[in-house]
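>>> Show me how the following folds:
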Amino acid sequence: METELLAVIHESLRQYIYPNALFYAERLFSLSPSLTSLATLAHCYLVSGDASTCARLISSASLDSLSHGSLESSKVLDAQRKRCYYLLGVSCAQCDRYAEAETALLHIIPSDDGAAEYWLGVCGKRLGRAHTADNFKLSFEKSPSLFSSYEELVGLQKAPDSLAANGGPVFPNLYKDMAQKEDNFAARQQQQQQRAASAESDTAERAEFAGSWNSSSTNEDTSLHGNSRFSAPPPPKNIPSASSTRKSSSSGQSTNLLRGVSASPPPVPTNRGPGSPTKGNSFATAASGTGGWGAPLQSRRVTPTSSTTVLSAGLVRFLACYAEVITLTASYQCRDAIHVLTTDPTLERDSLWTPPHVAMCHFHLGESAEARVHFDKMRQTARWKLHDTRLIYFSTVLWHLRDTHALGYLTQTLTEQSPMHVVTLAVAGNCYSLAKDVKMATQVLSRAVSLDRSVSYVSTLLGYELLSIHPDKAEKAFMDALHFDQRHYMALAGLGELAYRSESISKAQHYFTAALSINRQPTVMNRLASTYHRPGASKDHLRAALDIYDACIQRSPGNIGARHQRVEVLMKMRRYDDAMCELERLRTDCPEEAALFMSLGKCAHRLGRVAQANQYYHKVLDLDPRKSVAAKACLERLQQNLPPDDE
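Just a heads-up that it's a prediction; the model follows:
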């Protein structure tokens, strides 16, 4: 009966008929209360989307009493008990009960396939645990097929000072290392095979030569000697005989002189992880194996008790393409990441994965227009992805571009489909912010933070909204963001902005510099430079500001803000001719910018070009009535032959 019930349950799950599967699973549990039937019923609840019921079911059951008196072996009971704890941990995590999930998962550590360590990492990330990265590391070591563990691990790593100073990656591409090690091993193995074949050929030639020489000697006069006067010398001791070489070659066990293992890979134990063994070159990592991360399978002592997940060489190289982008993006080497994304054939064909990553690279480079193009592609190819946190960055791009219509449409779409998700609330917060409704923006963003504090960017957005009205709360929001992501440069820049507004210039420079050590985004570079050319700045500070703006423009030639601020510094340094040349170039790029014409008027005023200055000031009045007071004041000083009020 139990076998038939299990068959029906599995068939119903395969057909996604969850009510039928639950009916039979409940009957099975009633007829035979055991750890196996409990795990089966809990599994049905979990896959049907009812994680809370799954958690309550296992929590209310007494696992010890269910195992007492069972006819199953202790090994089977232990496996089923671990399965129940795993289901409890996963279901609690899906219900945002991370502390309970952590407690349940600790019962089954260490796991065989790294799955429990992955979920422990997820819980630790939500709870702000210090050992979160260690759990993701263990998960990846046991199962390299868990690319999600690799992504989380790379994202949590702090760049060593040496790598940060040299602009190197935060974390190595472990998949690429695995492939490289196996390629090196394959090359050495091929060399050994060639040497063995060469030795076999030499031995065969020696034997043939010796036989022919003895035959010719026998045909000579042998009556005086009784046998040949010449005999073939014995083969050298270090060269195997032809027969032994052929035997070894045919059995596939020729000696590998470089690694001290057989040329043919040893048998691979049955895989217990998410991946499955494949023929050909393969890779495996073990929790306690030798050779470190990504060491080839042939260099490990794989025992039947070691927990391994085997990946084929082709899959490792396939994943290495994606891992390369992850590692480059994590270290904010966005130009290099974009190059890989747009030139690698594998990634070019992946229309679901590539656009959002290209968009995020442009976002971190401060290129809103380019980011918007690829975010639009992401929405076109994956409209069903409404819980992707990158949609929050998309809304920020629309905020910077002042596209009220597009941001409102995105907010409406998310609100209709998933009104209480953290992504929806964060996007809505940006929408209210663009509409200048600070009160609603802070309320909605606060609600989003309360739903999931681990999304650091939401706390950062809240901090920026609170900058002007509640500086203390803004500082707390930025610190909360850094608690979950120490490399969140936007939160560091927010703390710098907060210090700048409170006249703590040295503190602001410290935070801006810290942010730039992570990602040299042009916007942050502009804010750092602005701390050096405040009113009354010294010549040394003005030169420092000019150097920062030059570096910013070299990194992002299209940065209009940096070019305009550089002009302001040139004017303070009394380099009016250089300033006018740059302003004329800016005028071509931004023909309708009122602030630009105000600077043109002041520069022409300083150079004594009265008519030209008068024309520029009147242009400001036409373009932006809000600047009419400042423009009229400049016109009055021009008429009175007084210099402009640069401050």
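>>> Where does pLDDT dip in the protein?
Screening the chain residue by residue with the criterion pLDDT under 70, one finds the ranges 67-72, 158-171, 181-187, 202, 204-310, 646-647.
>>> what helix or strand is V122 on?
Secondary structure assigned from DSSP states H and E places V122 in helix 115-127.
>>> tally of neighbours for S506?
The burial metric for S506, expressed as a neighbour count using other C-beta atoms under 10 Å, is 8. All C-beta atoms are positioned from the backbone trio N, CA, C, and that covers glycine.
>>> next one: L600
Using other C-beta under 10 Å, L600 has 26 other residues around it.
>>> if we can go back for a sec, buried sites along the helix holding V122?
Within helix 115-127, the residues scored as buried using 16 or more other C-beta atoms under 10 Å are A115, A116, E117, Y118, W119, L120, G121, V122, C123, G124, K125, R126.
>>> again with stretch 25-36
Of the residues in stretch 25-36, those buried (16+ other C-beta under 10 Å) are A25, R27, L28, F29, S34, L35, T36.
>>> can you redo these as JSON lines with secondary structure?
Supplementary listing: the buried residues of stretch 25-36 in JSON lines, determined by DSSP: H, G, I helix; E, B strand; the rest coil:
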{"residue": "A25", "secondary structure": "helix"}
{"residue": "R27", "secondary structure": "helix"}
{"residue": "L28", "secondary structure": "helix"}
{"residue": "F29", "secondary structure": "helix"}
{"residue": "S34", "secondary structure": "coil"}
{"residue": "L35", "secondary structure": "helix"}
{"residue": "T36", "secondary structure": "helix"}
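>>> What is the nearest of those to S628?
A25 (75.5 Å; C-beta to C-beta).
>>> you'd agree the closest one is up against C44?
Yes - the criterion here is C-beta atoms under 8 Å, and A25 meets it with C44 at 4.6 Å.
>>> any residues in contact with both of the two?
In the contact map built from C-beta atoms under 8 Å, 6 or more residues apart in numbering, the residues linked to both A25 and C44 are I9.
>>> need the helices for the stretch 451-600 of the chain, in chain order.
456-466, 471-484, 489-501, 505-518, 522-530, 539-555, 560-572, 576-589, 594-606 (DSSP state H, counting those that start in this stretch).
>>> Can you tell me which of those is most buried?
For these, the largest average neighbour count (mean count of other C-beta atoms under 10 Å) is found in helix 456-466, namely a mean of 25.
>>> Identify the residues contacting that helix?
When contacts are defined by C-beta under 8 Å, 6+ apart, helix 456-466 is touched by residues 389, 392-393, 396, 422, 426, 429-430, 433, 438, 441-442, 445-446, 448-449, 452-453, 473-475, 477-478, 480-482, 484-485, 488, 490-491, 494, 497-498.
>>> Same question for stretch 513-527.
159, 164, 332, 364-366, 487, 489-490, 492-493, 496-497, 500, 512, 528, 548-549, 551-552, 555-556, 559, 561-562, 565.
>>> that older thread, could the helices of the stretch 451-600 of the chain be laid out in TSV, adding distance to A99?
Listed next are those as TSV, based on distance: least, C-beta to C-beta, whole Å:
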stretch	distance to A99
helix 456-466	20
helix 471-484	16
helix 489-501	25
helix 505-518	31
helix 522-530	36
helix 539-555	44
helix 560-572	45
helix 576-589	55
helix 594-606	52
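>>> of those, which approaches C321 most closely?
Between C321 and those, the shortest separation by C-beta to C-beta is 24.9 Å, and it involves helix 505-518.
>>> follow-up on the earlier one: tell me which other helices or strands the helix holding V122 touches.
Using 3 or more C-beta pairs under 8 Å, 6 or more residues apart in numbering; DSSP states H and E as the contact criterion, the elements in contact with helix 115-127 are helix 74-94, helix 98-105, helix 132-142, helix 147-156.
>>> which of those is buried the deepest?
helix 132-142 (a mean of 24).
>>> quick one: it to helix 147-156, angle?
Here the directions of helix 132-142 and helix 147-156 differ by 140 degrees (axes from the mean of the first three to the mean of the last three C-alpha atoms, to 10 degrees).
>>> chain center to helix 132-142: distance?
The chain centroid and the centroid of helix 132-142 are separated by 15 Å under C-alpha atoms, centre = their mean, to the nearest Å.
>>> what does stretch 99-109 give?
Centre to centre, stretch against its chain (C-alpha atoms, centre = their mean), the figure for stretch 99-109 is 26 Å.
>>> and L311, helix, strand or coil?
Following three-state DSSP, we place L311 in the strand state.
>>> I'd like to know how many residues surround it.
As a burial measure, the neighbour count of L311 was computed by other C-beta under 10 Å and equals 26.
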